[in-house]
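Peer 1: Quick check, what structure comes out for this input:
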Amino acid sequence: MSLDVIILAAGQGSRMKSKKPKVLHGIGGKPMVQHVIDCALELDAPRIHVVVGHGADQVREALGNQALKFALQAEQLGTGHAVAQALDGTEPSGISLVLYGDVPLTRSETLRQLVAIAAQDKLGLLTVKLADPSGYGRIIRNDADQVVAIVEHKDASEAQRAVDEVNTGILALPTRLLADWLPRLSSNNAQGEYYLTDVIAMAADQGVLIEAIQPEHEQEVQGVNNRQQQAELERWYQLREAQRLMHNGVTLLDPSRLDVRGNLSAGFDVVIDINCLFEGKVTLGNDVTIGPNCHISDAVIGDGCHIKANSVIEQATLQEGCDVGPFARLRPGTELAAGVKVGNFVETKKARIGEGSKVSHLSYIGDATIGSDVNVGAGTITCNYDGINKSQTEIGDGAFIGSNTALVAPVKVGMGATVGAGSTITRDVADDQLSVARGKQRNLDNWPRPTKRQD
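Peer 2: This is a model prediction of the structure:
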C-alpha cells in the first residue's frame, strides 16, 4: 500500500530559549527534523509531508530542495489539527504514518513494524514504559489487555496516572480511517486542543484492532523540549554511533569521547584515539590510526595512514601510507599521494603533493603542485596571494627546498633542483639547478655591542 509520512514540525519550542525553530536544532550535526526525514526516506515513502507553523519560512529554507510537501498550521490547535493540515495531500487508499520533528532518533526498523500493522487494516501504535511517566498520555487497556484509549496527563485520574505505559504519539493507520476520524475530534479537554490521541478511542469504538509495539530503546522515542534533553539525546546518539563502529571492527580507545556529526565509514583494523570529531562524509581505509584530539571533515583517508594528535583535515584526500601531524592542518583541496609526510605545524591548501614527498615542519603550502620525492625544509612558504589574485607554485620531482624559503608565485622549481636555505625565489629554477637568493653575509670586526642607556 502507498505510504504517506506526516511529520509534525510546527511547534515553537519556547523552552529551547532560541530564535530558531525547535526542529532545526541539531543532533549529531544535523537538524532533528532532518533525522526524521532521513528515516522516512528509508521507508521508501513516496510522499513526505512536513507540517510547519512557527518559523515556517526558516524550516522550509533549511530543508532545501528535498522532495517534501509542506503544510501550514497557522494556529497551534493541537496534534489532531496539525495532522489535518496535511490530509488533503495524502493517498486516501494508502497508509499514514505520523512522526514528530523533535523526536529524531526513531529507527526505521521500528517504524516498518507499525506500517506492517496498518497494512492489515489495524492501527499501529508505538508506546513505551517509563519509570517516571509524568507529563505523558497514559495507555488505557481493558481487561483483555487491549488498548482502548489514551488519556493525557492533565486529564487523567489518579489511577490512570499510575499507569507506566505511555503514548509516544507515533502511529500508523489506514488513511481512510484518519480522514473519517479527524473531523470528529473535540477540543473539550484541559488544553482546549484537538488531540490526535483521541482517535484511539474512536478506533476501539468502531472495532478497529489496535496493536501496540515498543521500541528497542526508550531513547528512540525521546523528544527534545529543552537544552538538557538535547544534550542527553546527543550523547545517546554518539554512543550508538560508537557501538556501530566497534561492531564493524573499529577500535575506539574511549567510546564516550567520540563525536560523529555526519557519516563516518571505516575499514578493518582502524584505531581512533580520544576526543576525535568527524563531520560530513569521512571515509577511513584499512589500518588507519587517528591520534587524539583530531578534527576530520569531508575527507578520504587511505589505507595505512597515520594521523597524529591535534591535526585538522578538511575536504582533503589522502592516499595510502601518509603520515600527518601532529598539529597539522590540511585545508580544502589538499591531495596527498601515497607515502607523503606532512609534519607538525604545517598548513596546506589546494596543494597536490606527490608520492613520497615530505613537508615536515613549520611550513605553508598553498595553491601548489609538488612532485614526488620532494623535500620541503622547515619554515618554507608559498607566497600564493598578492592581495587580489592567487597564483600557482610548481615543484618538480626530486627537488630539495632548503629551510626558510619563500617561493613567490607564480614560480616553478624544476626536477632535481636545489634551493638554498633562506632564499626568496621570484624566478623559475630549471631542472637540476642550484638557486640561492639571499643577501650577502658580512662579518664586521670590533663591532661595539649596544649597551643599556642610563636614564
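Peer 1: mean confidence for stretch 341-350?
Peer 2: Averaging pLDDT along stretch 341-350 gives 98.
Peer 1: Quick check: end-to-end length of that stretch?
Peer 2: This stretch, stretch 341-350, spans 16 Å end to end (C-alpha to C-alpha, to the nearest Å).
Peer 1: now do stretch 263-279
Peer 2: Terminal residues of stretch 263-279 lie 7 Å apart, using C-alpha to C-alpha.
Peer 1: so where do the helices sit in this protein?
Peer 2: Taking DSSP state H, the helices of the chain run over residues 32-42, 56-62, 79-86, 108-118, 158-161, 175-181, 198-205, 227-247.
Peer 1: now the ones you listed in a markdown table, with mean neighbour count and mean pLDDT?
Peer 2: Any C-beta I mention is one placed from the backbone N, CA and C, and that applies to glycine too. Supplementary listing: the helices of the chain in a markdown table, determined by neighbours: other C-beta atoms under 10 Å; pLDDT from 0 to 100:
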| stretch | mean neighbour count | mean pLDDT |
| --- | --- | --- |
| helix 32-42 | 21 | 97 |
| helix 56-62 | 15 | 96 |
| helix 79-86 | 23 | 96 |
| helix 108-118 | 19 | 98 |
| helix 158-161 | 11 | 93 |
| helix 175-181 | 19 | 97 |
| helix 198-205 | 20 | 93 |
| helix 227-247 | 16 | 97 |
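Peer 1: Of the ones you listed, which is nearest Gly422?
Peer 2: helix 227-247 (47.1 Å; C-beta to C-beta).
Peer 1: which residues touch that closest one?
Peer 2: For helix 227-247, the surrounding residues in contact (C-beta atoms under 8 Å, 6 or more residues apart in numbering) are 16-17, 25, 27-28, 104-105, 217, 219, 222-224, 252, 255-256, 258-260, 264, 266, 272.
Peer 1: From the chain's centroid, how far away is it?
Peer 2: 12 Å (C-alpha atoms, centre = their mean, to the nearest Å).
Peer 1: Equivalent analysis for stretch 304-315, please.
Peer 2: Per C-alpha atoms, centre = their mean, the centroid offset for stretch 304-315 relative to its chain is 19 Å.
Peer 1: just stretch 220-235 next, same as before
Peer 2: 16 Å.
Peer 1: What's the end-to-end length of it?
Peer 2: End residues of stretch 220-235 are separated by 13 Å (C-alpha to C-alpha).
Peer 1: Let me see the domain layout of the chain.
Peer 2: Following automatic domain parsing, one gets these domains for the chain: 3-221, 227-435.
Peer 1: Could you dump these into CSV with distance to Asp455 added?
Peer 2: As requested, the domains of the chain are exported to CSV (distance: least, C-beta to C-beta, whole Å):
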stretch, distance to Asp455
domain 3-221, 57
domain 227-435, 37
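Peer 1: count of residues packed around Asn384?
Peer 2: Neighbour count for Asn384, taken as other C-beta atoms under 10 Å: 23.
Peer 1: If we ignore the residues flanking it in sequence, what's nearest it?
Peer 2: Nearest residue to Asn384, sequence neighbours excluded (C-beta to C-beta, 6 or more residues apart in numbering): Asp367, at 4.1 Å.
Peer 1: quick one: Asp397 from Lys19, how far?
Peer 2: Distance, Asp397 to Lys19, by C-beta to C-beta, to the nearest Å: 55 Å.
Peer 1: neighbour-wise, which of those two wins?
Peer 2: Between Asp397 and Lys19, counted using other C-beta under 10 Å, the more crowded position is Asp397 (17 against 7).
Peer 1: in terms of contact, does that one touch Gly354 like I think?
Peer 2: Yes. Judged on C-beta atoms under 8 Å, Asp397 makes contact with Gly354 at a distance of 6.8 Å.
Peer 1: Quick check: neighbours shared by those two?
Peer 2: Common neighbours of Asp397 and Gly354 (C-beta under 8 Å, 6+ apart) are 371-374.
Peer 1: JSON lines please, covering the residues you listed and showing distance to Glu335 and neighbour count.
Peer 2: Below are the shared contacts of Asp397 and Gly354 laid out as JSON lines (distance: C-beta to C-beta, whole Å; neighbours: other C-beta atoms under 10 Å):
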{"residue": "Gly371", "distance to Glu335": "13", "neighbour count": "22"}
{"residue": "Ser372", "distance to Glu335": "13", "neighbour count": "18"}
{"residue": "Asp373", "distance to Glu335": "17", "neighbour count": "17"}
{"residue": "Val374", "distance to Glu335": "14", "neighbour count": "24"}
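Peer 1: Would you tell me which one of those comes nearest to Thr283?
Peer 2: For the shared contacts of Asp397 and Gly354, the nearest to Thr283 is Ser372 (24.0 Å; C-beta to C-beta).
Peer 1: Please name the nearest non-neighbouring residue to the closest one.
Peer 2: Gly354 (3.7 Å).
Peer 1: Any idea how many residues pack against that neighbour?
Peer 2: 21.
Peer 1: Quickly note the distance from it to Lys412.
Peer 2: Look at Gly354 and Lys412: by C-beta to C-beta, they are 15 Å apart.
Peer 1: Identify all contacting residues around stretch 318-327.
Peer 2: 285, 291, 294, 299-311, 313, 330, 336-345, 355.
Peer 1: Buried ones among those residues?
Peer 2: 285, 291, 294, 299-311, 313, 330, 336-345, 355 (16 or more other C-beta atoms under 10 Å).
Peer 1: which stretches of the stretch 351-455 of the chain form strands?
Peer 2: 358-361, 364-370, 375-376, 381-383, 393-395, 400-401, 406-408, 411-413, 418-419, 424-425, 434-435 (DSSP state E, counting those that start in this stretch).
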